[in-house]
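**Q** make a model of this:
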Amino acid sequence: MDAANKGNIEAVKQHLTGGADVNAKGIGGMTPLHRAAREGHKEVSELLITNSADVNAKDKRGRTPLHRAAREGRKEVVELLIAKDADVNAKSESGLFKGETPLDEAIKRKRTEVADLLRKHGGKYGSINVAAKAGDVEALKEFIAAGVDANAIGLLSAAASGGHKEFVELLIANGANVAAKNEYGSTPLHNAATKEIAELLITNGADINAKINDGSSPLIAAAMKGRKEVVELLIAKGADVNARSESVLGEGKTALDWAVQQSHTEIAYLLRKHGGKTAKGR
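**A** Down below sits the predicted model:
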């Protein structure tokens, strides 16, 4: 029902009067309500629900209309769906983000008002990695109490990249391995967003010269991302300022090469001051 996607309420009424299946699935297994919710068409969504649309219908990946509305920040539609008894903790069933709830969708897309609304009505995280990136310590405590492994792949890296020191501390206290690599081969130190988190990881045994799949060291990662204070700390801790990456795209590049390429002038100056060279200058 393309009319639902476009918010054409008169056309939707005509389809319904003509006997159209209100729960018919189209592209991606989405129903008309999925599409109306995704686009933020509150009146059309309400009309569909009044005509027996399933508020908890699932698309091919197990996502409900509430997942779709939350992802796009459609607050009014989210309010409507909740009022009509949509499952606020429905979980997606397949794909890369299997197990995620509408709250996960809202948090990932920084839909703050929608996230607050979902929490108000009992919405919870389905993904501990999303909670890690958001730095939600209370959610982490709930996951750990429920038996989730603090060494789940990428979890500590997600918390480190989000800049959430308290979350990182809690994971380490619960046995998280500071040398654990995520699916890209990077360690939490490669992903440390702040000096404080990097220092915490190093204090707990993180390797300052660890290499990821493309050969990049934590210093290269920090220089590339413009994290000056992290660069300063790594240099002070003895990181190899002239370590090289090894991937096809970044083969042979040093931290200085990346700082120059990304126009991180202060970091480039800092690296040169401590003996950093470009690959060509070595």
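**Q** what is the helix or strand hosting R68 packed up against?
**A** Taking DSSP states H and E as the definition, R68 sits inside helix 65-71. If you count contacts as 3 or more CB pairs under 8 Å, 6 or more residues apart in numbering; DSSP states H and E, helix 65-71 packs onto helix 32-39, helix 75-83, helix 102-108, helix 112-120. Just so you know, the C-beta spots here come from the backbone N, C-alpha and C atoms, and that holds for glycine as well.
**Q** the last one vs helix 75-83, what angle?
**A** What separates the directions of helix 112-120 and helix 75-83 is an angle of 10 degrees, with axes from the mean of the first three to the mean of the last three CA atoms, to 10 degrees.
**Q** same check, this time on the first one
**A** For helix 32-39 against helix 75-83, the angle between stretch directions is 140 degrees (the same axes, to 10 degrees).
**Q** now helix 32-39: mean pLDDT?
**A** The average of the pLDDT scores along helix 32-39 is 98.
**Q** C-terminal to that helix, what's the next element?
**A** helix 42-50.
**Q** tell me which residues of that next one are tucked away?
**A** Residues 42, 44-49 are the ones in helix 42-50 that count as buried (16 or more other CB atoms under 10 Å).
**Q** from those, which single one is nearest D116?
**A** Nearest to D116, judged by CB to CB, of these is K42 at 18.7 Å.
**Q** ok, for the closest one, nearest residue in space, not its chain neighbours?
**A** In space, and not counting its chain neighbours, K42 is closest to E76: 4.7 Å by CB to CB, 6 or more residues apart in numbering.
**Q** same thing with D104?
**A** Nearest-residue entry for D104: V130, 4.5 Å, with adjacent residues in sequence omitted and distances by CB to CB, 6+ apart.
**Q** thought that neighbour was touching K108?
**A** Yes: between V130 and K108 there is a contact at 6.0 Å, judged by CB atoms under 8 Å.
**Q** quick one, which of the two is more surrounded?
**A** The neighbour comparison of V130 against K108 (other CB atoms under 10 Å) goes to V130, with 23 against 18.
**Q** okay, buried residues for the host helix or strand of that one please.
**A** Assessed by DSSP H and E, V130 sits inside helix 128-134. Judged by neighbour count using 16+ other CB under 10 Å, the buried positions of helix 128-134 are 128-134.
**Q** what of stretch 275-282?
**A** For stretch 275-282, by 16+ other CB under 10 Å, it's 276, 278.
**Q** now stretch 240-260
**A** Applying 16+ other CB under 10 Å to stretch 240-260 flags 240-245, 250, 253-260 as buried.
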